[in-house]
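**Q** here are the coordinates; sequence isn't available:
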């Protein structure tokens, strides 16, 4: 079974749900419709006993480059739709009753980091990198990133990623505990396939209980993070720094923040 929605392809092969963000021309940048489609792809299979594992990845050379801000109307009042859709994806993957592999095949930035870290086992190509680029355009992390990143690598490293907006290469992400493994680029697909086959052949009930228990112990602040990020982001979206950040991004220059 293969289904397509705005910028998303999903299929089930041999008991494995494959969900692919499919906007390669935009480096898989996402908006409300694409995020909603990702969540729905998982929701539709949550009660399917034939699905024993799942994988989220991107097409082309990116996993997800973040929210699509191209063509954004800065005169319009900020709306929470995309933030809410991102939060829904993170919560849906967390609650999915089967192990989910985040197959990071390239650039992973902004809310893409949240989508990747919502998965249970996040693995990456050696050439991939992670980037919380929000402050570059006058925003803060969202999609649950403030909880997901800190739960993985601790407060100090989370602050550095979020405030300085520096690239974190895949090998450094592995060393810091942000992700589960790194595979060579030329063997990435095979390695992900082997991991999924292993998970699909495992004891589903035991894996589900393990996932639920570890998430309950480590993501205690995720629900609160959704609320804090939503309130903070809506305030920032209405601010002058965001307008300047987007203008600088579109004009390919350094932003001059004054707030």
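**A** On my side now, so go ahead. Small disclaimer: the values here were computed from a predicted structure and weren't measured.

**Q** end-to-end on stretch 46-64?
**A** Distance between the boundary residues of stretch 46-64 (CA to CA, to the nearest Å) amounts to 23 Å.

**Q** can you give me how far that stretch is from the chain middle?
**A** Relative to its chain's centre, stretch 46-64 lies at 12 Å (CA atoms, centre = their mean, to the nearest Å).

**Q** Show the average pLDDT along it.
**A** In this model, stretch 46-64 has a mean pLDDT of 98.

**Q** could you pull out the helices for this structure?
**A** 32-45, 81-95, 111-118, 145-153, 155-164, 170-176, 188-200, 204-218, 222-237, 240-251 (DSSP state H).

**Q** Show me which positions of the shortest one end up buried.
**A** Pointing back at helix 170-176 there. Across helix 170-176, burial judged by 16 or more other CB atoms under 10 Å covers 170, 172, 173, 174, 176. Bear in mind the C-beta positions are built from the backbone N, C-alpha and C, glycine included.

**Q** what about the nearest residue to residue 170 once chain neighbours are set aside, neighbour count?
**A** The shortest distance from residue 170 to any non-neighbouring residue, by CB to CB, 6 or more residues apart in numbering, is to residue 124 (4.1 Å). Residue 124 has 29 neighbouring residues, counting by other CB atoms under 10 Å.

**Q** Contact partners for residue 124?
**A** 104, 105, 108, 170, 173, 174, 179, 181, 182, 183 (CB atoms under 8 Å, 6 or more residues apart in numbering).

**Q** Next: residue 53.
**A** 15, 16, 17, 98, 99, 100, 101, 196, 199, 200 are the contacts of residue 53 under CB under 8 Å, 6+ apart.

**Q** bridging residues for it?
**A** residue 16 (DSSP bridges).

**Q** Tell me the spacing between it and residue 108.
**A** According to CB to CB, to the nearest Å, residue 53 and residue 108 sit 21 Å apart.

**Q** With residue 231 instead?
**A** According to CB to CB, residue 231 stands 25 Å off from residue 108.

**Q** So those two - more neighbours on which side?
**A** Each of residue 231 and residue 108 has its neighbours counted (other CB under 10 Å); residue 108 has more, 33 against 12.

**Q** how many other residues sit next to residue 93?
**A** With other CB under 10 Å as criterion, residue 93 counts 24.

**Q** what pLDDT does the nearest residue to it once chain neighbours are set aside get?
**A** Once flanking residues are discounted, residue 93 sits nearest to residue 118: 4.1 Å by CB to CB, 6+ apart. In this model, residue 118 is scored at 98, pLDDT.
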